[in-house]
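Peer 1: Here is my input; please provide its structure:
(chains A and B)
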Amino acid sequence: AQSVTQLGSHVSVSEGALVLLRCNYSSSVPPYLFWYVQYPNQGLQLLLKYTTGATLVKGINGFEAEFKKSETSFHLTKPSAHMSDAAEYFCAVSEGTGFQKLVFGTGTRLLVSP
Amino acid sequence: GAVVSQHPSRVICKSGTSVKIECRSLDFQATTMFWYRQFPKQSLMLMATSNEGSKATYEQGVEKDKFLINHASLTLSTLTVTSAHPEDSSFYICSSCPRENYGYTFGSGTRLTVV
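Peer 2: Okay, the predicted model is just below:
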C-alpha cells in the first residue's frame, strides 16, 4: 500500500524567504508524485507532478520539487515566498499510469508573514 | 483544458433528506471519477471510484448504500448522500484523470452542512 508523510502541519515563513515543504512517500512500485495547493473552500490545483524522466520538476508559481528515490522524498521548494502563497499544500502519490487513485498526505499549511 | 465542474458549491440540508452532488467533465471524457471527502483541517480521503457504465468501487468503511454514486455517462458522475446526518457534514470533492500522465483534475468542491 502507498502512503505519504508530510512533516509539519504548519510552516511559517516571512515574505521573500525560502519555502520548503517536506514530503516522504512509500510505494511498492515506481511512484507518480504530485503537489497540490488548496485555498479555503476550493478544490485542488496542481502545482507540479513527477511521473518519469527528470527528477527536478518545475511547476507553476515558481515552485519546484525534486524526486529523490534513495530518500523516498519529494520536497517542495520556492526560493522566495509571496503573501499569495499562503494556503494548504498536499503531497500525493499514485501507482503507475495516472488512472489509479491518489493517496494524499495530511497537508501542510503555509503561513507567510510580511 | 481538462475542467471538472462541480455543483453545488454549498448546500445546507435537514437531517434525513438526500443531497445530490454533480461533477461534469467539460472538455474530456471522464471514464473514471474519484470521490473524496475532506473534514476541516484534514486531508482528502478517497471514498469511492466510479467508472462509466459500471458499479462504483468503495473504500473500506464507506457505506455504499448511504453514498450512492452514479456514473451513467462519460461526462457526468453524481454522488448522492442519502438520509443525511450532521456527521455527514463535510467537503466533498470529485476528481478525474483526463488522460494518462496528465495528472488529476479536481472539481471545486461541495460544502455540505446537515442541520
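Peer 1: Identify the residues contacting B:T105.
Peer 2: Residues counted as contacts of B:T105 (CB atoms under 8 Å, 6 or more residues apart in numbering or on different chains) are A:L46, B:A2, B:V3, B:V4, B:S25, B:S95, B:S96, B:C97, B:P98. C-beta here means a position set from N, CA and C on the backbone, and glycine is covered the same way.
Peer 1: Let me know whether the fifth one touches B:T31 as I believe.
Peer 2: Same thing as B:S25. No. Using CB atoms under 8 Å as the test, B:S25 is too far from B:T31 to be in contact (9.4 Å).
Peer 1: Among those two, which residue is more densely surrounded?
Peer 2: Comparing B:S25 with B:T31 by other CB atoms under 10 Å in any protein chain shown, the one with more neighbours is B:S25, at 23 against 17.
Peer 1: Next one: the closest residue to that one other than its chain neighbours from A:S94, what distance?
Peer 2: Spatially, and ignoring its direct neighbours in sequence, B:S25 is nearest to B:T75 (5.0 Å; CB to CB, 6 or more residues apart in numbering or on different chains). Here the criterion is CB to CB, to the nearest Å. By it, B:T75 lies 23 Å from A:S94.
Peer 1: between those two, who's got more neighbours?
Peer 2: Higher neighbour count among B:T75 and A:S94: A:S94, with 23 against 18, using other CB under 10 Å.
Peer 1: Quick check: what element follows the helix or strand hosting that one along the chain?
Peer 2: Element membership of A:S94 [criterion: DSSP states H and E] is strand A:87-95. As assigned by DSSP H and E, the chain's next helix or strand after strand A:87-95 is strand A:103-104.
Peer 1: Can you point out the buried residues in whichever helix or strand comes after that next one?
Peer 2: Counting by DSSP H and E, the next helix or strand C-terminal to strand A:103-104 is strand A:108-113. Neighbour-count burial for strand A:108-113, counted by 16 or more other CB atoms under 10 Å in any protein chain shown, picks out A:T108, A:R109, A:L110, A:V112.
Peer 1: now swap in stretch A:9-16 and tell me
Peer 2: Buried, per 16+ other CB under 10 Å, within stretch A:9-16: A:V11, A:V13.
Peer 1: And stretch A:88-96, by the same measure?
Peer 2: For stretch A:88-96, a neighbour-count test (16+ other CB under 10 Å) marks A:E88, A:Y89, A:F90, A:C91, A:A92, A:V93, A:S94, A:E95 as buried.
Peer 1: Against chain B, how distant is the residue nearest the centre of chain A?
Peer 2: Nearest residue to the geometric centre of chain A (CA atoms, centre = their mean): A:W35, 3.3 Å. A:W35 sits at a distance of 11 Å from chain B (criterion: CB to the nearest CB, to the nearest Å).
Peer 1: and the helix or strand harbouring that residue, what does it pack onto?
Peer 2: Assigned by DSSP H and E, A:W35 falls within strand A:31-38. If you count contacts as 3 or more CB pairs under 8 Å, 6 or more residues apart in numbering or on different chains; DSSP states H and E, strand A:31-38 packs onto strand A:44-50, strand A:64-68, strand A:73-78, strand A:87-95.
Peer 1: tell me the most buried of those?
Peer 2: strand A:87-95 (a mean of 23; mean count of other CB atoms under 10 Å in any protein chain shown).
Peer 1: After the worst-scoring helix or strand of chain B on mean pLDDT, heading C-terminal, what element do we hit next?
Peer 2: Within chain B, confidence by mean pLDDT, DSSP states H and E is lowest for strand B:105-106 among all helices and strands, at a mean of 90. Remark: after strand B:105-106, the chain's next helix or strand is strand B:110-114, criterion DSSP H and E.
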